[in-house]
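**Q** The following comprises the amino acid sequence and a computationally predicted model.
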Amino acid sequence: MSKPSFFGEFLSHASQVGSIIPSSPWLTRYMLPPALPWHKMRRIAELGPGTGVFTKHIQLQRSSASQLYLFEQNDSFRTDLAVRYPQLPILEDALQLAEVVQETGRPFDLIVSGLPFANFPIELRERLFHSIHEALAPNGIFLAFQYTLLLRKQFEAYFSVVDTGYTWMNIPPAWVFKCKKSPSDQQLRTAIVL
C-alpha cells in the first residue's frame, strides 16, 4: 500500500486537510517541547494526525504508562496510521472524545490538535471546542496550531489560560495556542464571541 499524498488529500478534501504539506519539524518541536510534563500525562489524544508527524514525536516523548488515542476523519490517512501504529486506537471523529472518556472513566491530560478549525462551520467548531474542553482533565493542556489568529476569541471563550506563540519555520507560518483547563473556564462560556 502506498503512503497517501498530503497534497493529493488536500486537493480532494480541502475542508479536512488544512495545508498542502505536513507540519514542519520546527512546528512539531514548538508544539510538543520536552518541557511538557510528559511523565504526568497518562491519557493523550491527537486530533487530525494526518500523516503522523506529531504522532511520531508524541510516541517518542510520552511515558510508557500512557495511552495515546488518534482521531482522524480522512480515510486514507486513517488507513496509513493503522498500518504504522497498529497498537494505537484510531477513531474516526474528534467528537468521539466524550465516548472515550465515558468508556474509560478517565479524561485526557493532553489533547493535541492539527484540525483546521477555520475551515469548519461555526456550529461544528463550537461542538469541537465544547467536546475538547469537557474531555480534558482538570489542569489538562490543549495544544493547537492555526494559520491565523482569527479564532483566538473562541479559544479564550473556552479556556481562561491561553498562551499564543508563532513560528515562521513552517509552510505556511503558524500560530500555536497552548490552553489550560481551569475550574473558572465554565463561566467563560456564557457568551462565546466569534
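**A** Done, it's in.
**Q** Quick check: end-to-end length of stretch 154-166?
**A** 18 Å (Cα to Cα, to the nearest Å).
**Q** Which of the residues in that stretch are classified as buried?
**A** 154-160, 162 (16 or more other Cβ atoms under 10 Å). C-beta: built from backbone N, CA, C; applies to glycine.
**Q** would you list the residues you listed in TSV and tack on pLDDT and secondary structure?
**A** Output for the buried residues of stretch 154-166, formatted as TSV (pLDDT from 0 to 100; DSSP: H, G, I helix; E, B strand; the rest coil):
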residue	pLDDT	secondary structure
Gln154	95	helix
Phe155	97	helix
Glu156	95	helix
Ala157	94	helix
Tyr158	95	helix
Phe159	95	coil
Ser160	91	coil
Val162	97	strand
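**Q** For these, work out which two are farthest apart.
**A** Gln154 and Ser160 (13.6 Å; Cβ to Cβ).
**Q** would you turn the buried residues of stretch 154-166 into TSV with distance to Pro183?
**A** As requested, the buried residues of stretch 154-166 are exported to TSV (distance: Cβ to Cβ, whole Å):
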residue	distance to Pro183
Gln154	20
Phe155	18
Glu156	16
Ala157	16
Tyr158	14
Phe159	12
Ser160	9
Val162	16
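**Q** Kindly export the lengthiest helix in the chain (C-alpha atoms) in PDB.
**A** Ranked by residue count and defined by DSSP state H, the top helix of the chain is helix 122-135. Included here for helix 122-135 are C-alpha records, laid out as PDB according to Å, rounded to 0.1, in the frame of the first residue of the first chain:
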ATOM      1  CA  ILE A 122     -19.300  27.700  13.200                       C
ATOM      2  CA  GLU A 123     -21.700  25.000  14.700                       C
ATOM      3  CA  LEU A 124     -19.000  22.300  14.200                       C
ATOM      4  CA  ARG A 125     -16.300  24.500  15.700                       C
ATOM      5  CA  GLU A 126     -18.400  25.100  18.800                       C
ATOM      6  CA  ARG A 127     -19.200  21.400  19.200                       C
ATOM      7  CA  LEU A 128     -15.500  20.500  18.900                       C
ATOM      8  CA  PHE A 129     -14.300  23.200  21.400                       C
ATOM      9  CA  HIS A 130     -17.000  22.000  23.800                       C
ATOM     10  CA  SER A 131     -16.000  18.300  23.400                       C
ATOM     11  CA  ILE A 132     -12.300  19.100  23.800                       C
ATOM     12  CA  HIS A 133     -12.900  21.200  27.000                       C
ATOM     13  CA  GLU A 134     -15.200  18.600  28.500                       C
ATOM     14  CA  ALA A 135     -12.800  15.700  27.700                       C
END
